[in-house]
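Peer 1: kindly return the folded structure for what I paste below:
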Amino acid sequence: METPSARQQQHTRVQQQRVQLRRRTVAVAAGGSSGGVALQGDAFEALRGCEVYVASTGEKVDITNLWGDSDRVMLAFGRSMGELAVQLRRDLLPALREKGVKLYLVSIGTPERGLEFVEKTGFPADLLLCDPDNVTYTSLGLKKGVRQTFFSYETPLAMWERIKSGATKDIQEVLSVWTKTPLWIPPKQDQAFQQGGAIVLQGRRLLFAHYDQATSAHVDLQLLLAEAARGL
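Peer 2: Below you'll find the model as predicted:
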């Protein structure tokens with residue numbers, strides 16, 4: 001039988017894990033990141049030459065050509081479920097536009113898949129970048145693997161925090177849409193294990209980075225918005 005002291009110790013361990021998870025989402029100077037992962041080299045240079053497709057036109061572009069040295073830009077790297085797109089469009093895009101911050105959502109998939117994605121989520125097609133070969137994810141060193149996708153302790157912790165805060169409505173809404181369509185399979189089998197993240201740049205300079213450590217362990221969107229608008 002578990003003693004009160006044992007239950008208290010278990011509760012303390014869980015609380016410590018939650019604190020560690022929250023601390024991993026922090027603002028950083030160029031060359032660093034949150035999520036417990038340090039960027040190797042320069043984020044802009046890592047992305048230079050990475051080609052993606054603009055969903056609205058199907059045009060293939062170097063992702064770093066989408067903003068200039070004087071622009072501030074947020075790049076959100078999602079998986080393929082659509083929850084992030086809904087939240088970005090509703091909760092961040094209006095405020096970012098007001099501050100003059102560019103926003104792009106990068107998602108694994110083909111341009112054709114991108115158009116379907118836009119139709120299902122309502123995300124602006126000109127702001128959706130399709131990365132069928134996940135070259136941007138790889139170049140930035142975003143997390144990828146079976147352990148991060150299925151077996152990380154951070155996933156249940158993050159999901160529990162979302163349940164407590166009532167932040168599960170979006171995923172339920174998206175699931176209700178996607179379950180009515182044929183199952184989508186990524187272009188490459190191992191892309192199902194790819195995690196996302198988000199970065200903010202001022203021209204070529206990294207201002208903020210978050211690497212999702214596991215499924216559902218996303219950056220807090222209000223923190224992301226605050227960092228994107230800092231000083232503007």
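Peer 1: how close does the residue nearest to residue 95 when sequence neighbours are not counted sit to residue 213?
Peer 2: Nearest residue to residue 95 in three dimensions, chain neighbours excluded: residue 225, at 5.9 Å (C-beta to C-beta, 6 or more residues apart in numbering). No exception for glycine: its C-beta is placed from N, CA and C like everyone else's. Taken as C-beta to C-beta, to the nearest Å, the spacing of residue 225 relative to residue 213 amounts to 21 Å.
Peer 1: who has more neighbours out of the two?
Peer 2: Remark: of residue 225 and residue 213, residue 213 carries more neighbours, 24 against 19, as counted by other C-beta atoms under 10 Å.
Peer 1: show the model's pLDDT score for the more buried one.
Peer 2: Predicted confidence (pLDDT) for residue 213: 71.
Peer 1: then residue 105?
Peer 2: Here the pLDDT value assigned to residue 105 is 96.
Peer 1: list the beta-bridge partners for it.
Peer 2: Note on residue 105: beta-bridge partners by DSSP bridges are residue 76, residue 128.
Peer 1: my read: it touches residue 131, true?
Peer 2: No. Between residue 105 and residue 131 there is no contact under C-beta atoms under 8 Å: 10.5 Å.
Peer 1: list residues touching both of the two?
Peer 2: Residues touching both residue 105 and residue 131 (C-beta atoms under 8 Å, 6 or more residues apart in numbering): there are none.
Peer 1: which strand or helix spans the residue nearest to residue 95?
Peer 2: helix 221-228 (DSSP states H and E).
Peer 1: can you pull out the residues in contact with that helix?
Peer 2: With C-beta under 8 Å, 6+ apart, helix 221-228 has contacts from 25, 27, 72, 74, 76, 87-88, 91-92, 95-96, 99, 101, 198, 200, 207-208, 210.
Peer 1: and that helix, what's its mean pLDDT?
Peer 2: Here helix 221-228 scores 93 as its mean pLDDT.
Peer 1: give the buried residues for it.
Peer 2: By neighbour count on 16 or more other C-beta atoms under 10 Å, the buried set for helix 221-228 is 221, 223-225, 227-228.
Peer 1: thinking again about what came up before, against residue 67, how distant is the residue nearest to residue 95?
Peer 2: From residue 225 across to residue 67, the span is 18 Å (C-beta to C-beta).
Peer 1: swap in residue 84?
Peer 2: Note on residue 84: its distance to residue 67, by C-beta to C-beta, is 20 Å.
Peer 1: then residue 88?
Peer 2: Distance check for residue 88 against residue 67: by C-beta to C-beta, it reads 17 Å.
Peer 1: what's the answer for residue 229, then?
Peer 2: 16 Å.
Peer 1: neighbours of residue 232, just the number please.
Peer 2: The number of residues packed near residue 232 is 11, by other C-beta under 10 Å.
Peer 1: could you pull up the residues touching the closest residue to it other than its chain neighbours?
Peer 2: Leaving aside its sequence neighbours, residue 232 sits nearest to residue 99 (C-beta to C-beta, 6+ apart; 4.7 Å). Residue 99 sits next to 72, 228-229, 232 when contact means C-beta under 8 Å, 6+ apart.
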